[in-house]
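K.L.:
Fold the following.
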Amino acid sequence: MNSFFQHHPRRLWAWKSPGGQVKNQIDYIKINKRFRNAVTQCRTYPGEDCGHIGDHVPLVAELRVRLKEVKKKQQPRRDWSVLQGEEIKAAFEVEVRNRYEMLEDDIEGGEEVERVWNNIQTVLLGTVEKVVPEHRRRAKQKWMTEESLTLMEKGRCCKWNRRKYEELDREVKRKCRERKEEWWNQQCQEMEQLDRMHLQRRIYGKLKEITGKRNSTRSSTIRDKQGNVLMEVSEVLEGWAEYVKELYDDGRGERPEIVGDLEGPSILQEEIKEAIKCMRQGKSVGEDQVSVEMVKAGGDYIKKKITIWPTASMIRVTFQK
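P.N.:
Numbers count the residues shown, from 1 in each chain. This is a model prediction of the structure:
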């Protein structure tokens, strides 16, 4: 890179002969072509004292690298509300049963338990892709129409074609401006109609609806045990510290010493069903991408497989001090 910039000769040579009569540019800094534009400066410093480096002078390059964040591929959002219907739910359960029976992974003696869960995960995710539709994008603004959302989706799918993408972008912006103007005219006409009818309360309600302003009922004040409001920052911090200390106070004493192998009874299918029934829906999924809605929609067949899974892999736990 030191041959890429134009400098005075004294900023280019990197070696001089013992007598100082000959000076050559024999030291170079190489960089990948991908990051060539990141180098902002490269030159030598003949007057710097860098220790015992012989007849060479230090060669320094300055780089400015902007690293992009690697975004993880997100799973598409699903419309789980369709599983509330009996027809879709029955189709989901039948598809799960058919897919699982094709794997033929019935285990005996508690072997290959990990493979059972992998098969459950594969079956549920494959069934969701086939039966449950993706969640449709909703308009963030009230004046946006389905036509505009469709054009936006087309634009996202053809970003590689710059000309077509720019045409769709202009069309989307034009339609959004037109629809926004129509929406505001409609809101103004409604408010004028309410004003002619002398419905002032509904006018103010319409204004709040348009502007999005709502009365806040949230309070950020805290009180001590006597009910006094704490205003000072130090008092608020002391109040929170006291609250957390009492919340996590453990007065059970020292943990008893228990040494030995403890093996509990087998897990019943009724316990698994009750646990799945009590699980709350709408929660984010983990690394396996399996949600509560998938397990519940799988029916008794998938619940039976989940019952076999932990029962076949009873774990011995040893408690030691």
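
K.L.:
count of residues packed around Glu93?
P.N.:
If you count neighbours by other Cβ atoms under 10 Å, Glu93 ends up with 18. Placement of C-beta: from N, CA and C, glycine included.

K.L.:
could you pull out the strands for the stretch 201-321 of the chain?
P.N.:
Secondary structure of the stretch 201-321 of the chain (DSSP state E, counting those that start in this stretch): strands at 222-223, 229-230, 261-262, 317-318.

K.L.:
rank the ones you listed by pLDDT, which is bottom?
P.N.:
Here the lowest mean pLDDT among the strands of the stretch 201-321 of the chain goes to strand 317-318, at a mean of 34.

K.L.:
mind listing what Arg280 touches?
P.N.:
Arg280 sits next to Val292 when contact means Cβ atoms under 8 Å, 6 or more residues apart in numbering.

K.L.:
mind checking how far it is from Lys89?
P.N.:
With distances taken as Cβ to Cβ, to the nearest Å, Arg280 is found 18 Å from Lys89.

K.L.:
can you check Gly47 too?
P.N.:
From Gly47 over to Lys89 (counting by Cβ to Cβ), the distance is 80 Å.

K.L.:
Specify the local secondary structure of Lys159.
P.N.:
The assignment at Lys159 comes out as coil when based on DSSP: H, G, I helix; E, B strand; the rest coil.

K.L.:
isn't it right next to Tyr165, touching?
P.N.:
Yes - the criterion here is Cβ atoms under 8 Å, and Lys159 meets it with Tyr165 at 5.5 Å.

K.L.:
Give me the more crowded residue out of the two.
P.N.:
For Lys159 versus Tyr165, the count of surrounding residues by other Cβ under 10 Å is larger for Tyr165: 16 against 9.

K.L.:
how much space between the more buried one and Glu209?
P.N.:
Relative to Glu209, and taking Cβ to Cβ, Tyr165 is found at 35 Å.

K.L.:
Repeat that for Gln200.
P.N.:
Using Cβ to Cβ, Gln200 is found at 15 Å from Glu209.

K.L.:
Kindly report the same for Lys175.
P.N.:
The value you get for Lys175 to Glu209, if Cβ to Cβ is used, is 24 Å.
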